[in-house]
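>>> Model the structure of this input:
(one chain, ligands or ions: 1)
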Amino acid sequence: MQSFDLIVVGAGAAGLFCAGIAGQLGQHVLLLDHASKLAEKIRISGGGRCNFTNREAGPANFLSENPNFCRSALARYSAQDFIGLVRKHGIAFHEKHKGQLFCDDSSEQIIQMLLRECEAGGVQRWQPCTVADVRPLAGGGFELDSSAGSLRTTRLVIATGGLSIPKIGASDWGLRLAQRLGHSIVEPRPALVPLTFAPADWAPFAELAGLSLPVVVSTGAGKQRTRFHEDLLFTHRGLSGPAILQISSFWHEGQALSLDLAPEQQLAPALLNAKNGSKRQLGNELAELLPSRLAQAWLARLALPGNRPMADCKDKDLQRLAEQLQAWQLTPDGSEGWRKAEVMRGGVDTRELSSQSLESKKVPGLHFIGEVVDVTGWLGGYNFQWAWASAAACARAVASQTEALAIS
Ligand code: FDA
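Below you'll find the model as predicted:
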């Protein structure tokens, strides 16, 4: 039977990074993944250019039932640390929007960088390799039944990611294992996902598919109210674009969204003002303030004739129009689901993990890192930063505990 100091299950962002650091810190590491292709989510991320971190990443950009859990790992391995590594490997990058950093060339460069880090640490990588069973051993350590035979390891890291995009290797294996070993799971839900509407409700807007514009979207009440000022995209089945992906992580079934479709404008005063001076018709006036397809669709929705001269418009109609555009209330009937979600919200409950080492408080030697853990980032490079930070915290803790044992 082959034995290792550390076996990492899942060779995605967190698993590759953890294995590389642990290997370089002297651990004898095996990294295995059931998929034959390596790190597919990194490959397709950021439109093929991998938004690998966010300069501003901090605890406020993450959702969790236990919001302070991510603080320690994020503080000890920051976006600046990862940027330093990317620079060391000579990968050119640029900032796109709000601190989001992308490769100039291709996400493949990040995968190659992680592989070189694994090579530097002498990491063995077996792929495809599946694990049928994991048994914690009475004296410590674990035995694994894998498709490559029985394996033994002192420590086991689960880095099997979230449930989104099953066709490229996502599985619930890590969550099931956690549950079987006594861990609680915060209910997994698709996040960073387009939202959909009942076909009959959406019919009047379906013709706007492809239209994109900056908006403010908000949901929730009181202290729970969350808002984002980002771009919105109309689709055939509902809404997408960064504004909707962001708010989807905060949205719950049955909850309404409020949309301001003209956040840079004060539509009511602008229209009332135009009534007194403008010689334009309502449709033309509105098209000065908004994309004309949107203007036409809203006039049709409210049964207001676009060819009515501004001077003949009633104040109450103009006010209603402005309100409908700046405080549009709508309730999604669902989301595009795991097929389209960028990440999973929920996962292994962090109240049962150490925030320093990501080690289980229930099963010594077992660690969970990356997206399988109930820490979910906003859109914009935050999810990779959590993968890097949680992986680094885990790898360093594993290595320092081994060192401490060797000294004692
Ligand atoms: P990850 O999913 O990377 O890796 C998990 C690995 O475990 C996979 O290789 C899988 O095959 C393996 N695995 C699963 N089950 C297994 C089993 N039973 N046995 C063995 N192996 C198993 N984030 C960001 O910050 N910037 C971005 O630009 C993007 N863009 C983006 C685009 C799209 C389309 C998606 C779907 C996601 C993103 N993300 C993102 C999110 C980001 O990809 C994600 O949060 C990280 O990859 C999570 O890293 P993990 O290592 O936890 O999981």
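>>> Name whatever forms a beta bridge with L63.
T376 (DSSP bridges).
>>> hang on, isn't it packed against R345?
Yes - at 6.4 Å, L63 counts as touching R345 under the criterion of CB atoms under 8 Å. Every residue, glycine included, has its C-beta placed from N, CA and C.
>>> Now for these two: what residues contact both?
Taking CB atoms under 8 Å, 6 or more residues apart in numbering as the criterion, L63 and R345 both touch A191, S249, T376.
>>> Have a look at L63 and R345 and say which one is more surrounded.
Using other CB atoms under 10 Å, the more surrounded residue of L63 and R345 is R345, with 24 against 18.
>>> show me what contacts the closest residue to that one other than its chain neighbours?
Once flanking residues are discounted, R345 sits nearest to A191: 3.9 Å by CB to CB, 6 or more residues apart in numbering. A191 makes contact with L63, S248, S249, A341, E342, V343, M344, R345, T376, according to CB under 8 Å, 6+ apart.
>>> would CSV of these with pLDDT be doable?
Shown next, in CSV, are these (pLDDT from 0 to 100):
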residue, pLDDT
L63, 97
S248, 98
S249, 97
A341, 97
E342, 97
V343, 98
M344, 98
R345, 98
T376, 98
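>>> Whichever of these end up buried, select them in ChimeraX.
Only the buried entries of the contacts of A191 go into this ChimeraX selection, using 16 or more other CB atoms under 10 Å:
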select :63,248,249,341,342,343,344,345,376
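>>> Closest to S278 out of the shared contacts of L63 and R345?
For the shared contacts of L63 and R345, the residue nearest S278 by CB to CB is S249; the value is 41.8 Å.
>>> May I ask you to confirm that that closest one is in contact with L63?
Yes - the criterion here is CB under 8 Å, and S249 meets it with L63 at 5.8 Å.
>>> which parts of stretch 320-340 are buried?
Under 16+ other CB under 10 Å, the buried positions of stretch 320-340 are L321, A322, L325, Q326, W328, P332, S335, E336, W338, K340.
>>> G149: which of the residues you listed is nearest?
W338 (32.1 Å).
>>> Might one say that that closest one is in contact with K167?
No - here W338 does not reach K167: they are 9.8 Å apart, not a contact under CB under 8 Å.
>>> Show the contacting residues for the residue most central in space within the chain.
The centre of the chain sits closest to V343, judged by CA atoms, centre = their mean, with a distance of 4.3 Å. Shown in contact with V343 (CB under 8 Å, 6+ apart): G162, S164, A191, L192, S249, E371, T376, G377, N383.
>>> try 6 Å this time
Residues near V343 by CB atoms under 6 Å, 6 or more residues apart in numbering: G162, S164, A191, L192, T376, N383.
>>> now the fifth one: how far from the ligand?
Look at T376 and the ligand: by CB to the nearest ligand atom, to the nearest Å, they are 8 Å apart.
>>> In which helix or strand does L6 reside?
Per DSSP states H and E: L6 is located in strand 2-9.
>>> Report the buried residues of that strand.
Buried, per 16+ other CB under 10 Å, within strand 2-9: F4, D5, L6, I7, V8, V9.
>>> what's the answer for stretch 389-400, then?
Neighbour-count burial for stretch 389-400 [16+ other CB under 10 Å]: A389, S390, A391, A392, A393, C394, A395, R396, A397, V398, A399.
>>> I would like the residues contacting that stretch, please.
6, 14, 17-18, 21-22, 25, 27, 73-74, 76-77, 155, 357-358, 367, 369-370.
>>> how about 8 Å then?
So stretch 389-400 is contacted by 5-6, 13-15, 17-22, 25-27, 70, 72-74, 76-78, 81, 155, 157, 159, 354, 356-359, 367, 369-370, 373, 375 (CB under 8 Å, 6+ apart).
>>> what separates it from the chain centre, distance-wise?
Relative to its chain's centre, stretch 389-400 lies at 22 Å (CA atoms, centre = their mean, to the nearest Å).
>>> likewise stretch 112-131?
Counting by CA atoms, centre = their mean, stretch 112-131 comes out at 24 Å from the chain centroid.
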